[in-house]
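Peer 1: Model the structure of this input:
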Amino acid sequence: MSELLEDVDPFLKTLFDNSNDVILLIGTDGIVKLSNPKALSFVKDDQDLVGNRISELNIFEDSSMEKLKDHFEEAISKGRSEIQTN
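Peer 2: Below you'll find the model as predicted:
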């Protein structure tokens, strides 16, 4: 497991590892720092998520990527972002 989770409570590690939702930790530079096992189910051809720029990964449709970019920029500028799903 990544050193980013070494000092995290074991309960949180369990949630991260066993979540049915994709969890990605993305740095302010747009690079994926950490991904959970569920996220790997969206990767084609054993492509590694960690260390790659989120915009360069082919895991989102173009329209979703634009929304993600907007939310990311909002989170960076305001310190938070609200993502609404239908």
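Peer 1: pretty sure Val32 is in a strand, no?
Peer 2: Yes. Judged by DSSP: H, G, I helix; E, B strand; the rest coil, Val32 forms part of a strand.
Peer 1: Let me see the contact set for it.
Peer 2: By C-beta atoms under 8 Å, 6 or more residues apart in numbering, Val32 lies in contact with Leu24, Leu25, Ile26, Leu49, Val50, Gly51, Asn52, Arg53, Ile54, Leu57. C-beta: built from backbone N, CA, C; applies to glycine.
Peer 1: Out of those residues, which end up buried?
Peer 2: Leu24, Ile26, Leu49, Ile54, Leu57 (16 or more other C-beta atoms under 10 Å).
Peer 1: and those residues as JSON lines, adding distance to Lys69 and secondary structure?
Peer 2: Converted to JSON lines, the buried ones among the contacts of Val32 look like this (distance: C-beta to C-beta, whole Å; DSSP: H, G, I helix; E, B strand; the rest coil):
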{"residue": "Leu24", "distance to Lys69": "14", "secondary structure": "strand"}
{"residue": "Ile26", "distance to Lys69": "11", "secondary structure": "strand"}
{"residue": "Leu49", "distance to Lys69": "17", "secondary structure": "coil"}
{"residue": "Ile54", "distance to Lys69": "9", "secondary structure": "helix"}
{"residue": "Leu57", "distance to Lys69": "13", "secondary structure": "coil"}
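Peer 1: so how far is Asp48 from Glu74?
Peer 2: 27 Å (C-beta to C-beta, to the nearest Å).
Peer 1: Neighbour count: the two, which is higher?
Peer 2: Glu74 (14 against 11; other C-beta atoms under 10 Å).
Peer 1: Which strands and helices lie in contact with the longest helix anywhere in the chain?
Peer 2: In the chain, assigned by DSSP state H, the helix with the most residues is helix 62-78. Of the remaining helices and strands, none touches helix 62-78 by 3 or more C-beta pairs under 8 Å, 6 or more residues apart in numbering; DSSP states H and E.
Peer 1: All set, thanks.
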